[in-house]
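Engineer: here is my input; please provide its structure:
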Amino acid sequence: MFDPFHVCQLASRAVDDIRRADWNEHGKSKTQNGRWIKHVRWSLLKAPERQNEAQLARLAEVALTNKRLYRAFLLKEELRLLYHLPDPSNAAEHLDAWLAWASRSKLKPFVKARPDDPQNPATASSPRSGSD
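Structural biologist: So this is what the prediction gives:
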């Protein structure tokens, strides 16, 4: 079984890596775009059900204005929700679909942070990694 905490932590790091790259690309906090990217961080990292109205509004802005960041958020959330499936016997099938989506996303941190990678310390002892 995958360690949910560490797998979700990897996904959150991937989202933040993408956000930080956009922030650097847009002049950090020296520009209006850079400041906006800086201030959407918690909207991207927190689960939607734990966000306040302002954070949800920022997340809606991200969905409208920055498809790359929003795709990263959706990948993270979809992965997190895999651990809350009512029937865990379907998890492997859903994980395979998620892995295919992550690969197609071309978001380097998600392609790099694959949960089924045997080099990934968070999942090295999982049955899917082949280390058993």
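Engineer: how much space separates the residue nearest the centre of the chain from Pro48?
Structural biologist: In the chain, the centroid-proximal residue (CA atoms, centre = their mean) is Lys76; its distance is 2.7 Å. Between Lys76 and Pro48 the computed distance is 11 Å (CB to CB, to the nearest Å). (Glycine included, C-beta is placed from N, CA and C.)
Engineer: what does Val7 give?
Structural biologist: Distance, Val7 to Pro48, by CB to CB: 19 Å.
Engineer: could you do Ile37 as well?
Structural biologist: In terms of CB to CB, Ile37 sits 19 Å off from Pro48.
Engineer: so those two - more neighbours on which side?
Structural biologist: Neighbours around Ile37 and Pro48, counted as other CB atoms under 10 Å, are more numerous at Ile37. The numbers are 25 against 11.
Engineer: confidence score at that one?
Structural biologist: We have a pLDDT of 96 for Ile37.
Engineer: which element is it on?
Structural biologist: If you go by DSSP states H and E, Ile37 is part of helix 32-39.
Engineer: which strand or helix spans Ala72?
Structural biologist: In this structure, Ala72 is located in helix 67-82 according to DSSP H and E.
Engineer: now the angle from that helix to helix 32-39?
Structural biologist: Going by axes from the mean of the first three to the mean of the last three CA atoms, to 10 degrees, helix 67-82 is angled at 10 degrees with respect to helix 32-39.
Engineer: which positions within the very next helix or strand once past helix 67-82 qualify as buried?
Structural biologist: Following helix 67-82 in sequence order, the next helix or strand is helix 91-105 (DSSP H and E). By neighbour count with 16 or more other CB atoms under 10 Å, helix 91-105 contains the buried residues 95, 98-99, 102, 105.
Engineer: now do stretch 76-86
Structural biologist: Using 16+ other CB under 10 Å as the test for burial, stretch 76-86 gives 76-77, 79, 82.
Engineer: list the buried residues for the least confident helix or strand in the chain by mean pLDDT?
Structural biologist: Using mean pLDDT, DSSP states H and E, the weakest-scoring helix or strand in the chain turns out to be helix 108-112, at a mean of 84. Within helix 108-112, the residues that count as buried by 16+ other CB under 10 Å are 109-110.
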